[in-house]
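Participant: got a structure for you, letters missing:
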Ligand code: ADP
Ligand code: MG
């Protein structure tokens, strides 16, 4: 049911605000919404198509987006930006390998080292360029729905890291959109097929996404409405554009046109490339394509039949199948455990793609009834509708990719929210001080799976100040972690006896790539055994240091109870323990701790009696 507000004064009816779903693609972008009358998602079309090519033509006083910007790719390549998604949230260093493949100029931002695009001597940030595409989609939605739009859900590839997600969110903000949620493209595609909407069902799904210039395979596990990414694989440089190029090369070979087309005539090259794309699309529903073109006053017939086309693209497809097999291996599951496959991306319209994918996933149900170029946007619209509060029956959750915790004594990582926890999430633990009268406590927050914080990634730190003077171990410091639905972490520390409190917000930071996350997980596995040994050594060392601290206190501040000979023996035993600590020999430290304990026990007991006696003496019993 849609919410309706009626203005009692003038009788106008106001529907509740529509939240739109956006697929911000490398090649094409789309915007969709859920129709409140029938609760079905629709992509919003202008004239004929729902697809907006992700192309932006930039003049000092005019920005053109989409289909109208396309012709400028050949006429003004230096100020026509395409594939900007490849640059989002990346440093200049990250994109150096693809720099020469783009028709426009890249630059390094001297301050944050992120990549910039320079056009007419002006530097544009990929976030800004993406925001032009988002604004275009927002305006399309406003025109079609005839209402102001201010909220959206935007999809990103599952492998996007924090920095790329934050950049996408920033692009939304710049376009005047409050981005309610960033969700993974494979999650959105599954939602469009209704997978995950039923809380009771648990499933393993493979999402095969072959777009214009990228290929992604994602394995998802869905349980209780939680989408967990089991593995991702793919190739950021394989897609339908490669089919076009392969067909073009085939034609040039066939007519022996290589030298003329490539070297002499860039426009002709583009014309034939577009013809190849047209042929490819035609072959998705016809057996043969044929068209004639005049080149240098000679008429050429460009023909292709489906069998020849399939053999041309065979080797490209093979690469995607190998990536699928690798993803299955990485997820540690069997082919037979995959319940469903979801087909995504315009290139899966090529029938041979479907048949090759079906050949691999023999055990699974293949979903391809929804337009593969629209399915992600449709799923985003469903998520948007849920977040708008129109579907109370479902609640979508994400999970944290890496564990979150704080540094404790000896540089150890103490995990508070373990990896793969559902978000939003909340967890906490109590700590205390290690020195008498300690008035400050540094809280350092880390992300990662290793036992030592130095092997993990520091997210931030703060100091809890003004802890009232108390003996070591007495303050009760409560540390709470909260992660909101966007993955933004808030850390709060409170000394419970005094109520002193301090907190920080930790936003996802630019800079941690997906490979880095993967490497952090891998190295945690590889180092698990040595980490445990190190952790034990550090724990024993800090136990020893605590004991030394206590023993020193015992002999220096209780001279009336401790005899001189006992003090001398204790000091010499402390020295032995300190040597053991220095040699980092866990067994030796344990032995010396034991000896020190035995040595000091008699006078510690005497001291206790003395203290109790004193306490009783002070009390008046009447
Ligand atoms: P992206 O997600 O990378 O932005 P899309 O999913 O929109 O891209 O896919 C774009 C690709 O789909 C292009 O290479 C385009 O040629 C191809 N494509 C679109 N329609 C068809 C079709 N009918 N048959 C084969 N390929 C198609
Ligand atoms: Mg896509």
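Facilitator: Everything's here; your move. Only a predicted model underlies this, so the values are computations on that prediction, with no experimental measurement involved. Ligands and ions are numbered 1, 2, ... in the order given.
Participant: ok, residue 542 touching residue 411?
Facilitator: No. Counting by C-beta atoms under 8 Å, residue 542 sits too far from residue 411 to count as a contact (9.9 Å). All C-beta atoms are positioned from the backbone trio N, CA, C, and that covers glycine.
Participant: So residue 343: helix, strand or coil?
Facilitator: Assigned state for residue 343: strand (three-state reduction, DSSP: H, G, I helix; E, B strand; the rest coil).
Participant: these two touch, right, it and residue 367?
Facilitator: Yes. Using C-beta under 8 Å, residue 343 is in contact with residue 367, at 6.4 Å.
Participant: So for those two, which residue has more residues nearby?
Facilitator: Between residue 343 and residue 367, counted using other C-beta atoms under 10 Å, the more crowded position is residue 343 (25 against 21).
Participant: burial measure for the nearest residue to that one once chain neighbours are set aside, as a count.
Facilitator: If the residues on either side of it in the chain are set aside, residue 343 comes closest to residue 368, at 4.1 Å by C-beta to C-beta, 6 or more residues apart in numbering. Applying other C-beta under 10 Å, we find 19 residues neighbouring residue 368.
Participant: what's near enough to touch residue 368?
Facilitator: Each residue near residue 368 by C-beta atoms under 8 Å, 6 or more residues apart in numbering is listed here: 343, 348, 354.
Participant: and of those, the nearest to residue 246?
Facilitator: Taking C-beta to C-beta as the measure, residue 246 lies nearest residue 348 of the contacts of residue 368, at 16.9 Å.
Participant: For the stretch 301-450 of the chain, just list every one of the strands.
Facilitator: Here the stretch 301-450 of the chain has its strands, by DSSP state E, counting those that start in this stretch, at 340-344, 365-367, 398-399, 404-408, 412-417, 422-423, 425-431, 441-447.
Participant: ah, wrong one, I meant the stretch 151-300 of the chain
Facilitator: Using DSSP E, counting those that start in this stretch, strands in the stretch 151-300 of the chain cover 151-156, 178-184, 203-210, 215-223, 226-235, 288-295, 298-305.
Participant: Residue 97 and residue 48, how far apart?
Facilitator: Distance of residue 97 to residue 48, computed by C-beta to C-beta, to the nearest Å: 37 Å.
Participant: Residue 416 too?
Facilitator: 53 Å.
Participant: Give me the more crowded residue out of the two.
Facilitator: The residue with more neighbours, out of residue 416 and residue 48, is residue 416; 20 against 7, by other C-beta under 10 Å.
Participant: contacting residues around the nearest residue to residue 255 once chain neighbours are set aside?
Facilitator: Nearest residue to residue 255 in three dimensions, chain neighbours excluded: residue 300, at 5.6 Å (C-beta to C-beta, 6+ apart). Shown in contact with residue 300 (C-beta under 8 Å, 6+ apart): 255, 257, 292, 293, 294.
Participant: out of those, who has the most neighbours?
Facilitator: Highest neighbour count within the contacts of residue 300: residue 257, with 18 neighbours (other C-beta under 10 Å).
Participant: Name the nearest residue to whichever residue of the stretch 1-150 of the chain sits closest to ligand 1, ignoring sequence neighbours.
Facilitator: Distances between the stretch 1-150 of the chain and ligand 1 by C-beta to the nearest ligand atom are smallest at residue 25, namely 2.6 Å. Nearest non-adjacent residue to residue 25, counting by C-beta to C-beta, 6+ apart: residue 54, 5.8 Å away.
Participant: and the one you found, what is it in contact with?
Facilitator: Counting by C-beta under 8 Å, 6+ apart, residue 54 touches 24, 25, 26, 27, 28, 29, 82, 83, 84, 85, 133.
Participant: Looking at these, which are in strands?
Facilitator: Counting by DSSP state E, the contacts of residue 54 place 24, 28, 29, 82 in strands.
Participant: Could you report the pLDDT at the spatially most central residue of the chain?
Facilitator: Most central in the chain under C-alpha atoms, centre = their mean is residue 161, positioned 3.8 Å from the mean C-alpha point. In this prediction, residue 161 carries a pLDDT score of 78.
Participant: which of the strands of the stretch 301-450 of the chain has the lowest average pLDDT?
Facilitator: When the strands of the stretch 301-450 of the chain are compared by mean pLDDT, strand 398-399 comes last with a mean of 60.
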